[in-house]
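Novice: sequence plus predicted model, see below.
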Amino acid sequence: MIKIVSVYPKDIANRYGGGHWKAIQAFHHLVYQLDRDVIELGIDNNHELILDGINKFLKKDHYYFVFHYSFWPNLIKQLKQQNPDVNIAVRTINAEGFQHWQRSDISFSPSYTNLRNIYGSCRLVLQDQQCRFYADNLLGISQWDNKHYWKLLPGKAEISYFPYHCPWPELRPHAVPLSWEKRHNTIVCLPGGRDPIGKSQVQNFIRFAHNINQDNLSKKWRFQLSPGVYRNHTNTEDISPVSLMPELDEPWDLLCSVKALALLTPLGFGTKTTIIDALTAGCHVIVDKTLAKRLPENVRILCHQVDVSKVSECKEVMKKIVNEPFKHELNKQLMSQSINVLKEILRD
């Protein structure tokens, strides 16, 4: 039977609850569902040592390698050259060239920083293309990225939609979503960093709260921002009527206890894993209209789309999130899609 070697950046193991960490946990859960063994391999950039260890694996049994992220095309190339029959998949989490472009806030000014960032985006596109050239399969977390980015890159790898599913119900089975009546009248925003994507989330969340602050309905609600964006920074900015959470050790537990998540940035590629988590936890999800266009249909129809520049749309959304969301089986659907892809590529 084929064994799975799951290869990922070593430091991700220390990022509990982050998007990268969750995506890898979700993948391992799927493999266990198929009664397959997983060998976890957290790696750094010492390719020679890594290849030596991998080659020892290959002398003993038949393995399928899954590289999380498109960071190592040269390692994949070397592995293929030394072991032409080995099967390799790359789990493409983001359209890295596009993602870097937006994270770097690139303009067309001729400054050194700007030119360096443009070069960085081009280098990542080339790196992604090399992964498609050397790997056998690309397992794309985003349908939109597959169609508008990965399929446009030359290469032989087959591209499959391999969606993220929320792993928290298996990781924290004791933390059960509360009934609607027991949840806090709270809308949360959980940006991941201080790059343009994270800053855009914060700015638009504050704007959303301001837009409905005079509405009678809004007085019954709290708007809370996770502390991660301001960690190690002195927060002198006035973010009212939004309040800053003191801490966020368990994001799943939080989502199980509140009524809505707001993700109000038009920026970013891949899949916003927190959207899937919040829907699985029974929350309403409010998303920016531009971002919504890049969501798969079965996710988009469960979200409330809004343009925060339009006060009327913000108030309309507030009316919709008063009532309990429609029941759905989204997480099971996403899990089933990915399991079917795994069954196909792991045929003995």
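Specialist: Done, it's in.

Novice: for the protein, longest helix please?
Specialist: Counting by DSSP state H, the longest helix found in the chain is helix 112-134.

Novice: please enumerate the strands of the stretch 1-150 of the chain.
Specialist: Counting by DSSP state E, counting those that start in this stretch, one finds strands in the stretch 1-150 of the chain at the ranges 3-9, 38-43, 63-68, 87-92, 137-140.

Novice: I'd like the ones you listed laid out as CSV, including distance to residue 286 and mean neighbour count.
Specialist: Placement of C-beta: from N, CA and C, glycine included. Supplementary listing: the strands of the stretch 1-150 of the chain in CSV, determined by distance: least, C-beta to C-beta, whole Å; neighbours: other C-beta atoms under 10 Å:
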stretch, distance to residue 286, mean neighbour count
strand 3-9, 31, 20
strand 38-43, 35, 15
strand 63-68, 29, 23
strand 87-92, 27, 24
strand 137-140, 26, 24
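
Novice: residue 334: which of the ones you listed is closest?
Specialist: Closest approach to residue 334 among the strands of the stretch 1-150 of the chain is made by strand 137-140 (13.1 Å; C-beta to C-beta).

Novice: what's the offset of the longest helix of the chain from the middle of its chain?
Specialist: 20 Å (C-alpha atoms, centre = their mean, to the nearest Å).

Novice: which of the residues in it are buried?
Specialist: 117-118, 120-121, 124-125, 127-134 (16 or more other C-beta atoms under 10 Å).

Novice: can you tell me which of the residues you listed is nearest residue 91?
Specialist: Among the buried residues of helix 112-134, and counting by C-beta to C-beta, the member closest to residue 91 is residue 131, at 10.3 Å.

Novice: surely the closest one is in contact with residue 138?
Specialist: Yes: using C-beta atoms under 8 Å, residue 131 is in contact with residue 138, at 7.1 Å.

Novice: the longest helix of the chain - contacts with which helices or strands?
Specialist: Taking 3 or more C-beta pairs under 8 Å, 6 or more residues apart in numbering; DSSP states H and E as contact, the helices and strands that helix 112-134 lies on are helix 73-82, strand 87-92, helix 96-103.

Novice: looking at those, spot the one closest to residue 163.
Specialist: Nearest to residue 163 among the helices and strands packed on helix 112-134 is strand 87-92; the distance by C-beta to C-beta comes to 11.1 Å.

Novice: now residue 140, which residues is it bridged with?
Specialist: Note on residue 140: beta-bridge partners residue 92, residue 161, judged by DSSP bridges.

Novice: returning to that earlier point: redo the helices and strands packed on helix 112-134 as TSV? Include distance to residue 149.
Specialist: Below are the helices and strands packed on helix 112-134 laid out as TSV (distance: least, C-beta to C-beta, whole Å):
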stretch	distance to residue 149
helix 73-82	16
strand 87-92	9
helix 96-103	6
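
Novice: any chance of these in TSV with distance to residue 48 and mean pLDDT as columns?
Specialist: Shown next, in TSV, are the helices and strands packed on helix 112-134 (distance: least, C-beta to C-beta, whole Å; pLDDT from 0 to 100):
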stretch	distance to residue 48	mean pLDDT
helix 73-82	9	90
strand 87-92	18	94
helix 96-103	24	76
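
Novice: need the winner for burial among those.
Specialist: strand 87-92 (a mean of 24; mean count of other C-beta atoms under 10 Å).

Novice: tilt between that strand and helix 112-134?
Specialist: Strand 87-92 runs at 150 degrees relative to helix 112-134, counting by axes from the mean of the first three to the mean of the last three C-alpha atoms, to 10 degrees.

Novice: the helix or strand bottoming out on mean pLDDT in the chain versus strand 3-9: what angle between them?
Specialist: Lowest on mean pLDDT, DSSP states H and E among the helices and strands of the chain sits helix 47-58, with a mean of 73. Following the same axes, to 10 degrees, one obtains 170 degrees for the angle between helix 47-58 and strand 3-9.

Novice: which neighbours do residue 131 and residue 138 have in common?
Specialist: The contact sets of residue 131 and residue 138 overlap at 90, 92, 157 (C-beta atoms under 8 Å, 6 or more residues apart in numbering).

Novice: quick check, nearest of those residues to residue 287?
Specialist: For the shared contacts of residue 131 and residue 138, the residue nearest residue 287 by C-beta to C-beta is residue 92; the value is 21.8 Å.

Novice: pretty sure that closest one is touching residue 137, no?
Specialist: No: using C-beta under 8 Å, residue 92 and residue 137 do not qualify as a contacting pair, with a distance of 10.0 Å.

Novice: where in the stretch 51-200 of the chain is pLDDT low?
Specialist: Applying pLDDT under 70 to the stretch 51-200 of the chain flags the ranges 57, 59-61, 100, 104-109, 112, 119.

Novice: same check, this time on the stretch 201-348 of the chain
Specialist: Scanning the stretch 201-348 of the chain for pLDDT under 70 picks out 214-219, 229-237, 348.

Novice: what about the strands in it?
Specialist: Using DSSP E, counting those that start in this stretch, strands in the stretch 201-348 of the chain cover 222-225, 243-244, 258-263, 284-288, 304-306.

Novice: before we move on, the earlier item: among the shared contacts of residue 131 and residue 138, which one sits closest to residue 206?
Specialist: residue 92 (32.6 Å).

Novice: residues in contact with that closest one?
Specialist: Residue 92 neighbours (C-beta under 8 Å, 6+ apart): 69-70, 128, 131, 138-141, 145-146, 150.

Novice: thank you, goodbye.
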